[in-house]
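**Q** would you be able to build a 3D model of this:
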Amino acid sequence: MKERMTPGTPLRALLVEDVEPDAHLVVRELRRGGYDVSFDRVDTPESMSAALAQPWDIILSDFSMPRFSALLALDLMKQRQLDLPFIIISGTVNEDIAVAALHAGAHDFMAKGKLHRLVPAVERELRNGELRAERRKMEEQLLLSDRMASMGTLAAGVAHEINNPLACIMANLELAVMDVEERFGLGADLRDLRDELEDARSAAERIRNIVRDLKIFSRSHEEHTGPVDVPRVMDSTIRMAHNEIRHRARLVKDYGTTPAVEACESRLGQVFLNLIINAAHAIVEGHADGNEIRISTTTDEHGHVVISIADTGTGMPPDVLRRLFVPFFTTKPVGVGTGLGLSICHRIVAGFGGTIAVESEVGKGTTFRVSLPAARSGATEARPQAAVDTTARRRGRILVVDDEPMIARVIQRTLSAEHDVVAVAGAREALERVRAGDPFDIILCDLMMPQMTGMELHAELTELALEHADRVIFMTGGAFTPAARAFLGGVSNQKLEKPFNAVLLRALINGRIQ
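**A** Predicted coordinates:
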């Protein structure tokens, strides 16, 4: 039976009681204490199991009944993995029984003749329940943060492991395409071969973009802010979200001329990815031609960069919009969303000194607008610089230092027609050659190697032969330690990001050798 009466503080109580008058005494006491009680009374395992499918604020249980007991009721609640205040109200109070019940998980134990304790006990347990719920939410958020950090570490590791073989594949494919054209021309018999190689090179280029995008999103350790190129991060985000978008909507990019923003590249990518995935999920699959996700960038009158992500999806009603950035609020099914994504986005954007706003109308779609201040300096992060001229002015001597033999071989193939290339598998051997007086115009050196790092080699060369230290070009697939990141940020040496392009490599080397 269910009952609802006088107004007050709402309280949904499940009463486990076989005597109806006793249940009414409990309800009366709660109403005297200012609660608007809605309740259900159960007295069997079957009726309680059915009742637990509904939401309750508290369970108040008699200790012993002909077909049921408080301990069995407590066990049913635990089986459902519910964390509800559970108070036992018994006709007689035996100290040993009360202690056993509390050990089993009950929150309080009182006699039916002392109901003056009931309201304070309920108030206390409701407060404690709220505290437990908040603690669980914090634990879930910490768990999510830890999982994201682990995923970032995994993505960074995967990207790093892919870099070397991918660099070898791409450079060799480029060389193969050039060899076919230069040695055999493009006769009918070889045009298909050239096209096949070009298709393979294009596919490898796509993999390279994916690897670079993974590296952007895996830099969870890089919290520093600086000038960030919004279109570059957005394009990386779009590639990451491509599979979510392509079955649902046409993607339209409308990038205006904007300055760099003051932000952290990986965190900004996290914001964009969340907003784009949400836009895609607001559109039903299978109607891509009839729907649109439009991404635009503009500069407002204050010089802030405004990024708009608009979709033609289902839209949201006002009551959802009001709670959109509240932690743990989600409209997605259980197991699909945590309700943390947009609140984290809001926190990240606010941390950059920006704002995030949303407009939505049911049936017409949603637009998110992120506004970020322009960077204090217009320059974005340093990138490898290469000369435009790819022609060698003279034959130089190049030392390649890399513990991956296939990388050394492909660099030799790429450069040996124009330069004398010496390859060694470790920094110690490179150091010995310089000590022996072997002169080199350029030293192409991997940053991270097992026995001696490129950083350590550079430090030794600075003491031994400063001119050679200045000639080092660092090849890197990612700097994963604080020391490596600080080192790359502190030296003026050029950097060559793996996987590199053979044409870029030739241009870089030939531009340096005068």
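**Q** low-confidence stretches in the stretch 301-450 of the chain?
**A** 327-341, 377-390 (pLDDT under 70).
**Q** what ranges do the strands span in it?
**A** Applying DSSP state E, counting those that start in this stretch to the stretch 301-450 of the chain gives strands spanning 305-311, 355-361, 365-372, 397-401, 420-424, 442-446.
**Q** can you redo the ones you listed as a markdown table with distance to residue 86 and mean neighbour count?
**A** Where you see a C-beta, it was placed from the backbone N, CA and C, and this is true even at glycine. A markdown table is the format used below for those (distance: least, C-beta to C-beta, whole Å; neighbours: other C-beta atoms under 10 Å):
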| stretch | distance to residue 86 | mean neighbour count |
| --- | --- | --- |
| strand 305-311 | 45 | 23 |
| strand 355-361 | 41 | 16 |
| strand 365-372 | 42 | 22 |
| strand 397-401 | 68 | 23 |
| strand 420-424 | 71 | 18 |
| strand 442-446 | 62 | 25 |
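**Q** now the ones you listed in CSV, with distance to residue 88?
**A** CSV is the format used below for the strands of the stretch 301-450 of the chain (distance: least, C-beta to C-beta, whole Å):
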stretch, distance to residue 88
strand 305-311, 52
strand 355-361, 47
strand 365-372, 49
strand 397-401, 74
strand 420-424, 77
strand 442-446, 69
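**Q** so which of these gets nearest residue 203?
**A** Nearest of those to residue 203, taken as C-beta to C-beta: strand 442-446 at 25.3 Å.
**Q** tell me the strands beside the closest one, with direction?
**A** Looking at strand 442-446 with DSSP bridges, its partner strands are strand 397-401 (parallel), strand 472-476 (parallel).
**Q** just the C-alphas of the helix or strand just after that strand, formatted as CSV.
**A** Moving toward the C-terminus from strand 442-446, the next helix or strand (DSSP states H and E) is helix 454-464. This file holds the C-alpha atoms of helix 454-464, laid out as CSV (Å, rounded to 0.1, in the frame of the first residue of the first chain):
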residue,chain,number,x,y,z
GLY,A,454,70.8,12.2,-27.6
MET,A,455,70.6,14.7,-24.7
GLU,A,456,73.7,13.1,-23.2
LEU,A,457,75.5,13.1,-26.5
HIS,A,458,74.8,16.8,-26.9
ALA,A,459,76.1,17.6,-23.4
GLU,A,460,79.3,15.7,-24.2
LEU,A,461,79.8,17.4,-27.5
THR,A,462,79.2,20.8,-25.9
GLU,A,463,82.3,20.1,-23.7
LEU,A,464,84.3,18.3,-26.4
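**Q** run the angle between helix 454-464 and strand 442-446 for me.
**A** 150 degrees (axes from the mean of the first three to the mean of the last three C-alpha atoms, to 10 degrees).
**Q** next SSE downstream of helix 454-464?
**A** Downstream of helix 454-464 (by DSSP H and E), the next one is helix 466-470.
**Q** list the buried ones in that next one?
**A** 468, 469 (16 or more other C-beta atoms under 10 Å).
**Q** name the helices or strands packed onto it?
**A** Contacts defined by 3 or more C-beta pairs under 8 Å, 6 or more residues apart in numbering; DSSP states H and E place helix 466-470 against helix 454-464.
**Q** can you give the distance of the helix it packs on from its chain's centre?
**A** From the chain centre to the centre of helix 454-464 is a distance of 36 Å (C-alpha atoms, centre = their mean, to the nearest Å).
**Q** show me which positions of that helix end up buried.
**A** 454, 455, 457, 458, 460, 461.
**Q** was I right about the fourth one contacting residue 490?
**A** No: Residue 458 is beyond contact range of residue 490, at 10.7 Å (criterion: C-beta atoms under 8 Å).
**Q** going by distance to residue 45, which of the buried residues of helix 454-464 wins?
**A** Nearest member of the buried residues of helix 454-464 to residue 45, counting by C-beta to C-beta, is residue 455, at 67.9 Å.
**Q** in which helix or strand does the residue lying closest to that closest one once chain neighbours are set aside reside?
**A** The spatially closest residue to residue 455, leaving aside those adjacent along the chain, is residue 487, at 4.9 Å (C-beta to C-beta, 6 or more residues apart in numbering). Element membership for residue 487 (DSSP H and E) is helix 482-490.
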